[in-house]
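[1] pasting the structure only:
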């Protein structure tokens with residue numbers, strides 16, 4: 001086992017120290033038991049006289065793939081390496097003209113932005129190339145038809161995925177941005193690419209120097225917003241009440257988004273998030289399209305975002321009200337459509353839960369109520385910001401004031417995602433006419 005391999009290098013009893021217990025767990029998480037990765041890591045640990053092992057692990061991962069982990073409980077201020085090297089894997093991957101790099105970029109994208117580990121049959125020519133470059137490995141899986149074990153080629157190890165992503169992103173033809181740009185219209189219940197476009201924009205916009213009002217515009221009736229909106233905001237992962245900062249090249253995990261299949265997946269993400277994933281894409285039974293946390297000067301804020309990808313000039317009023325209800329906590333698990341007003345507390349009608357969602361209403365509200373070190377919004381029930389992203393259709397959020405004085409009895413702030421921020425990252429796919437309308441679904 002990997003831990004036994006590491007322990008043979010350590011002075012007696014050192015592995016029982018809390019710092020080294022953390023190190024052993026993280027070494028497995030990032031090196032995946034690979035002898036080559038682990039040997040390179042231990043060479044660096046021994047070379048540093050066994051001091052600051054978690055910082056050495058972070059630096060080693062950075063040198064291998066250009067990504068710095070932030071999941072340690074024992075990090076110090078060790079000076080990082082100034083550049084990325086490729087001492088073990090993937091060298092020359094993007095220079096090999098025989099490899100289908102678009103196929104590989106799709107595998108990277110599916111893993112990092114949809115949480116889908118790739119499994120290829122042994123006969124796959126691309127998978128064999130990836131084995132040759134050291135970024136894939138063999139696994140055994142069960143064949144449901146024959147009930148027999150069979151070998152497949154897997155692409156699901158953190159350093160391997162991140163190193164491949166780093167190399168592909170050096171080529172403008174195969175970068176994440178190019179891939180998302182080409183597929184921005186694609187939508188299905190499993191892979192809503194517009195949502196990923198927005199998440200990608202957020203990841204690159206909130207780099208530690210941006211404020212909320214650089215990306216979002218509050219509705220005009222909300223005053224006294226400078227306290228939160230005029231201060232620097234940082235994307236963070238909240239996991240078991242620990243906060244881990246995230247940027248395009250730093251984070252506590254090798255994936256950025258989890259696409260929940262079940263309702264209780266959302267509860268686990270809100271409560272513990274042991275996988276340490278930044279963005280949560282709830283199932284269709286829940287209102288928001290994206291959930292994520294932000295830290296504003298030490299205070300925690302949950303953002304509930306609804307994405308409306310519409311080619312109309314202006315988003316229809318009904319769709320606007322639907323969007324507002326979907327990101328309002330009282331309506332998270334409620335039926336929408338004609339029940340919109342009831343679900344957000346402004347109708348005599350009785351709000352109706354989505355089928356099978358009744359057991360998730362109160363646990364969700366309990367988790368919102370117990371967000372630690374929360375951002376304080378006067379009169380708001382929870383530390384939550386509602387955001388509507390409409391594109392390319394104009395949102396005109398102020399129209400919601402014309403219909404009702406207040407759309408949320410709990411008075412949570414509401415804002416719209418700036419078009420200029422989206423356009424900063426996408427300028428092709430979002431404007432192109434849909435060439436295959438049967439394959440795409442554009443929501444209103």
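    Sure thing, it's come through. All figures in this text were calculated on a predicted structure; none of them were measured in a lab.
[2] and the closest residue to residue 395 other than its chain neighbours, what element?
    Nearest non-adjacent residue to residue 395, counting by C-beta to C-beta, 6 or more residues apart in numbering: residue 416, 4.8 Å away. Bear in mind the C-beta positions are built from the backbone N, C-alpha and C, glycine included. Secondary-structure assignment from DSSP states H and E places residue 416 in strand 413-417.
[3] can you list the weak-confidence ranges in the stretch 101-250 of the chain?
    Low-confidence segments of the stretch 101-250 of the chain (pLDDT under 70): 142-147, 180-191, 224-227.
[4] picking up where we left off before, give the buried residues for the strand holding residue 416.
    Of the residues in strand 413-417, 413-417 count as buried by neighbour count, 16 or more other C-beta atoms under 10 Å.
[5] and which of these is nearest to residue 49?
    For the buried residues of strand 413-417, the minimum distance to residue 49 (C-beta to C-beta) is 49.3 Å, reached by residue 417.
[6] Might you report the residue contacts of the closest residue to the closest one other than its chain neighbours?
    Distance criterion C-beta to C-beta, 6+ apart; nearest residue to residue 417, sequence neighbours excluded, is residue 389 at 3.6 Å. Counting by C-beta atoms under 8 Å, 6 or more residues apart in numbering, residue 389 makes contact with 198, 305-308, 416-417, 422.
[7] what's the answer for residue 56, then?
    41, 44-45, 48, 78.
[8] tell me the domain ranges of this structure?
    2-69, 93-174, 193-425 (automatic domain parsing).
[9] Quick one: distance of the first one to the chain centre.
    Right, domain 2-69. On the basis of C-alpha atoms, centre = their mean, to the nearest Å, domain 2-69 sits 26 Å off its chain's mean C-alpha point.
[10] What is the end-to-end distance of it?
    Using C-alpha to C-alpha, to the nearest Å, the end-to-end distance of domain 2-69 comes to 19 Å.
[11] next one: the longest one
    With C-alpha to C-alpha applied, domain 193-425 spans 14 Å between its terminal residues.
[12] With stretch 127-137 instead?
    9 Å.
[13] tell me the contacts of the residue nearest to residue 395?
    216-217, 219, 387-390, 395, 397.
[14] again, only this time at 6 Å
    217, 388, 395, 397 (C-beta atoms under 6 Å, 6 or more residues apart in numbering).
[15] ok, residue 139 to residue 28 distance?
    Look at residue 139 and residue 28: by C-beta to C-beta, to the nearest Å, they are 16 Å apart.
[16] tally of neighbours for the closest residue in space to residue 274 that isn't next to it in sequence?
    Leaving out its chain neighbours, the residue that sits closest to residue 274 by C-beta to C-beta, 6+ apart is residue 239, at 6.4 Å. Under the neighbour criterion other C-beta atoms under 10 Å, residue 239 is assigned a count of 20.
[17] Buried ones in whichever strand or helix holds residue 234, by neighbour count?
    Using DSSP H and E, residue 234 sits within strand 232-239. Of the residues in strand 232-239, 233-239 count as buried by neighbour count, 16+ other C-beta under 10 Å.
[18] which of these lies closest to residue 332?
    Using C-beta to C-beta, residue 238 is the member of the buried residues of strand 232-239 that lies nearest residue 332, at 17.9 Å.
[19] Can you give me the neighbour number for the closest residue to residue 268 other than its chain neighbours?
    The spatially closest residue to residue 268, leaving aside those adjacent along the chain, is residue 274, at 7.7 Å (C-beta to C-beta, 6+ apart). Residue 274 has 10 neighbours, counted by other C-beta under 10 Å.
[20] any idea how far residue 274 lies from residue 252?
    The gap separating residue 274 from residue 252 is 11 Å, by C-beta to C-beta.
[21] residues touching residue 192, list them.
    Residue 192 neighbours (C-beta under 6 Å, 6+ apart): none.
[22] next one: residue 285
    If you count contacts by C-beta under 6 Å, 6+ apart, then residue 285 has 354, 357 around it.
[23] and the gap between it and residue 353?
    Distance of residue 285 to residue 353, computed by C-beta to C-beta: 9 Å.
[24] Repeat that for residue 385.
    24 Å.
[25] And residue 30, by the same measure?
    Counting by C-beta to C-beta, the gap from residue 30 to residue 353 is 41 Å.
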